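1. sequence first, then the predicted structure:
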Amino acid sequence: MKNYKVNRFWSMVATLLIVYGLAKWGVPAISRHITALPFPLSVPGTLMFIYMTLTVVALFMLVTFSDEHMAEFMYPVKKLLRGEYSSVLRNLVLVAVPLIVGWQVYEVIVPKVQLPTSLRIQHPSSNFPKKFEDLKNPLESPSDADIDAFIEQAKANEVTFIPQVMADIEIWAEVAEAEHTLEFFPVEPMKKFLADLGSGNVNRETARDALLEKHLFEGRALYAMNCRPCHGDSVAGDGPMADGFKLRPINFTDNGTIETIVEGYTFWRVMNGGPGLPTEATPWDSAMPEWKLNLTEEERWKIILAEYNLAEKTPRIPESH
Amino acid sequence: MIFNTNIRNKFQFALTTAIAIALFTTGGLALAADKPSKPKPETTTELVEQGKTIYFRRCSFCHGLLGDGNGPAADYLDPRPRDFTLGTFKFRTTQSGELPTDEDLFRTVSRGLSGTGMQAFDSDLIKSGLSEQERWAVIFYIKTFVPEFEDPELDPYLSVVELPSDMPPYSEELVAKGKEVFKKAKCWECHGESGRGNGQESFDRTDDWGFPIRIRNVTHPWKIKAGSEAIDIFTRFSTGINGTPMPSFIEGIPEVSDRWALANFIKSLQHQLTSHRVLKALRVEGPLPDDPGSEIWNQAEAMDIRLTGQVVAAPRWQNPSIELVITQAVYNDEEIAFLLQWDDPFKDVTHDEDAEFDPVEIGKVGAFNSYVNPNETVTRQLKTFRDSIAMQFPVKPLTGTKRPHFFRGDSSNPVNLWIWKSDLADQDQPAGEEANARGWKQPPRIQDEDQQEMVTNALWDNGRWHVIMKRKLLTDGRGDVQFSKGQFIPLALNAWDGSNGEHGRVMSLSSWYNVLLEAPTPVTVYIYTILAILIAGVLGIWAVKKAGEDDSAKDNDEDGVFT
């Protein structure tokens, strides 16, 4: 039977190696082309185990199919064991195989030092108080009375700002010699409001937009003072203090963060910070302060308004009950 | 076993993915943003108007509505935001004292200034960033604050310093040559022999804006503002840093190749951060070293702990001096010793309690700001506050992943603090104090004198503190951390640099890291391994024997089957 070019034993070994190679390197290599991701997707360990088991079972069935197959398969094995290739080679194999077995056994049973990792829930709801669910940012929809008060202030050129921004505005007003304080806003809604004010016909709609701009301005200033050190002026969680924390500050421009939560939730998180988190959110690693200890409620709402605006996101709408 | 492998593989997969993503993004960071990809647009009124709107929204809170560097956030930053109206710009490719080119400004706006409040604004780097056009717009608007830009005699393009091309790559010879240049050009007079910024004796000079000069520690690449690559370093000392005593060395070191060598030498001084979060304590026989210079420390693995400003609770501090502490640990049957090393250009060993800042007002709801003003609220000078460091451990052994809050624990999870104070060490008093805390609201409570078992030894040398803290592995103290083998023990740091005004909660701190005393491998592991080898060996011999028997039985058939 001259047509046997490769002995069955070697073709089996080759098959095993090829299957292993395909699963180990072939699939990840192909995955890069399919997914176009900058990294390969490797075959998970369990799947690898299933592939290899199936291959071994198939090969076993093939070998035990007939006595001839078996004999052919065993031929080089027996030849080796009898020392017909060379007695040195046989002795080498006889030493090497038990050592490899021993090494594998050791690898499996030796205790491995690995830090327990914990899955972290980013937006835990287990202790989120229901009453915050429907909370709306009061600055977004100011009452008519608030708008009217703003118009009155603007008419008298006596708009008041939070103290934190006053110094900068006062110097500006002195240097610019502007007719109206609100002129430092280079934004359309405010320009329109001032124009309307000048022509003496102000409507609430325009005033409301202008008031929102004022609140945004104050909110951005408070954000720059309080939140920027960690969350960054990019609002991407990359502020100058961010590198020192194991749990990096949240990136608000990320699609999975402030966009997926209701405003009331944001308010609750800003209020209670890291210590207010339940266990599943690893409060012990969070550097988020309890801002209720330092910021007034109004300051917190102004910051949240600016935060969504800078990240160009909108909060999730509360579900109706 | 399969389960274990699976978990490990998943973990490895997640890790590789994370690393791949990190490499991808940081690779982008180094490449993108450096230079504009499209030609610079013409300065038009519309563009300047657009720039004004962007400036108002993104820049004015630090740089001020008038570009005078007096925005509401400015007082709390060191270095302060640039006052554009003075026309002094630090980072340029033009000769010392000159204005920057538009491309220089483009680079600063795009890449930001590392280690400062000025962050990258490139939309390729951050989602909320600015497009090239928007960056040009804001630059053209910023230039309207600086009348000097209109003077044709001050045209920065006339004084551009040529940057080297085809320079040899980084090599040992280049570094050795650069070291000679470093010596000859006397860089060490200010930056110190090891580059730790410890060349000066006191804050006796101020910059053009009136603030005391703090010399750069060039070994911390994340603090090198305008880039830490050799070419960035080359540019800095070839053009000087306007407004500061940092001169241009274009005349002092006329040969371009010498300057290139110097840049590579400085690059070689940069610290390579480790990334692991588990400090493996080295087991040693015999007594533990009291001397930071002991040979034993060379064998113990080092772990870098990154610290940042204490911004969790008022008074908040965003100008930390100590951002890196290199930690090591050794233990024997009785004791454990830690070696902590950090760079600090001044040895501050006095402490004036009367100069301490009272944080009550700043910590109230609706206080103007809960961050400390580095130039007003605290005294940042020599001989006022001590240097100090504290190690923090949980008191209770870990159950699951739960642990105390990294900032001094909480009411139900106390922490044990090992505090070292330089002023006590200087007076030859015991400088170590063991204390306990349950949250940051109360200062740590120092343990009773008979409970104090931790001993310290410290040395300040060439701009670096080396502090050893040593204690018994196990104690009777109820507030003490206990070190048992094979367990992860969380470890965090608090650190104070006295001449940076740091004391109390005005300090730098780290998140949790871990220390591990590796347990010896159980004997059973070896027994099972040897058993496995024996069984496999016996099976092998049996197979040989069996093959021999088959040989005689089937001798005649063999040719028929296989030929």
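-> Looks like it arrived, so ask away.
2. OK, contacts around residue A:210?
-> By CB atoms under 8 Å, 6 or more residues apart in numbering or on different chains, the residues touching residue A:210 are A:150, A:154, A:182, A:189, A:190, A:192, A:193. Yep, even glycine has a C-beta here, placed from its N, CA and C like the rest.
3. give me the pLDDT value at residue A:81.
-> Note for residue A:81: predicted pLDDT of 88.
4. go on, residue A:126?
-> Note on residue A:126: pLDDT of 88.
5. report how many residues lie close to the nearest residue to it once chain neighbours are set aside.
-> Excluding its sequence neighbours, the residue lying closest to residue A:126 (CB to CB, 6 or more residues apart in numbering or on different chains) is residue A:278, at 4.7 Å. For residue A:278, the neighbour count with other CB atoms under 10 Å in any protein chain shown is 13.
6. quick revisit: of the contacts of residue A:210, which belong to helices?
-> Judged by DSSP state H, helices contain the following of the contacts of residue A:210: A:150, A:154, A:189, A:190, A:192, A:193.
7. list the contacts of the fourth one.
-> Same thing as residue A:190. If you count contacts by CB under 8 Å, 6+ apart, residue A:190 has them with A:182, A:210, A:213, A:214.
8. and the one helix or strand the second one maps to, how far from the chain's centre?
-> So that's residue A:210. According to DSSP states H and E, residue A:210 maps onto helix A:204-226. Remark: helix A:204-226 is offset 29 Å from the chain centroid, using CA atoms, centre = their mean, to the nearest Å.
9. residues contacting the closest residue to chain B within chain A?
-> In chain A, the residue that lies nearest chain B is residue A:244 (2.5 Å; CB to the nearest CB). In this structure, residue A:244 makes contact with B:306, B:307, B:308, B:309, B:323, B:508, B:509, B:510, B:511, judged by CB under 8 Å, 6+ apart.
10. tell me, how many residues neighbour the last one?
-> Going back to what we said before, that points to residue B:511. When counting by other CB under 10 Å, one arrives at 22 neighbours for residue B:511.
11. so which of the contacts of residue A:190 would you say is closest to residue B:36?
-> Minimum distance to residue B:36 across those is 31.3 Å, recorded for residue A:213 (CB to CB).
12. might you report the residue contacts of that closest one?
-> Shown in contact with residue A:213 (CB under 8 Å, 6+ apart): A:185, A:187, A:189, A:190.
13. determine which two of those are furthest apart.
-> Comparing all pairs in the contacts of residue A:213 by CB to CB, the longest separation belongs to A:185 and A:189, at 8.2 Å.
14. what pairs with residue B:327 across the strands?
-> residue B:303, residue B:340 (DSSP bridges).
15. quick one: the helices in the chain?
-> You didn't say which chain, so I picked chain A. A:8-21, A:27-35, A:45-63, A:67-81, A:87-109, A:144-155, A:163-176, A:188-199, A:204-226, A:228-231, A:263-272, A:297-311.
16. ah, no, chain B please
-> Under DSSP H, chain B gives helices at B:2-31, B:45-54, B:60-63, B:102-111, B:132-143, B:172-184, B:188-191, B:230-239, B:256-268, B:296-299, B:422-426, B:523-553, B:558-562.
17. can you name the residues of the stretch 1-150 of chain A sitting close to chain B?
-> Applying CB under 8 Å from any CB of the partner chain, one finds that the stretch 1-150 of chain A approaches chain B through A:1, A:38-39, A:42, A:44-46, A:49, A:68, A:71-72, A:75, A:77-78, A:81-82, A:90, A:93-94, A:97-99, A:101-102, A:104-106, A:108-111, A:113, A:115-118.
18. can you say which of the helices of chain A is packed in most?
-> helix A:228-231 (a mean of 26; mean count of other CB atoms under 10 Å in any protein chain shown).
19. is chain B within reach of that helix?
-> Yes: Helix A:228-231 is in contact with chain B by CB under 8 Å from any CB, via A:228, A:229, A:230.
20. and the one residue in the stretch 351-500 of chain B that gets nearest to chain A, how many neighbours?
-> Of all residues in the stretch 351-500 of chain B, residue B:401 sits closest to chain A, at 3.8 Å by CB to the nearest CB. Neighbour count for residue B:401, taken as other CB under 10 Å: 16.
21. who touches the closest residue to residue B:208 other than its chain neighbours in this structure?
-> Distances taken as CB to CB, 6+ apart place residue B:243 nearest to residue B:208, at 3.8 Å, with adjacent residues excluded. With contact set as CB under 8 Å, 6+ apart, residue B:243 has these partners: B:86, B:88, B:90, B:207, B:208, B:209.
22. just the pLDDT at residue B:243, thanks.
-> At residue B:243, pLDDT is 94.
23. measure it to chain A for me?
-> Note on residue B:243: its distance to chain A, by CB to the nearest CB, to the nearest Å, is 21 Å.
24. right, I'll call it a day here.
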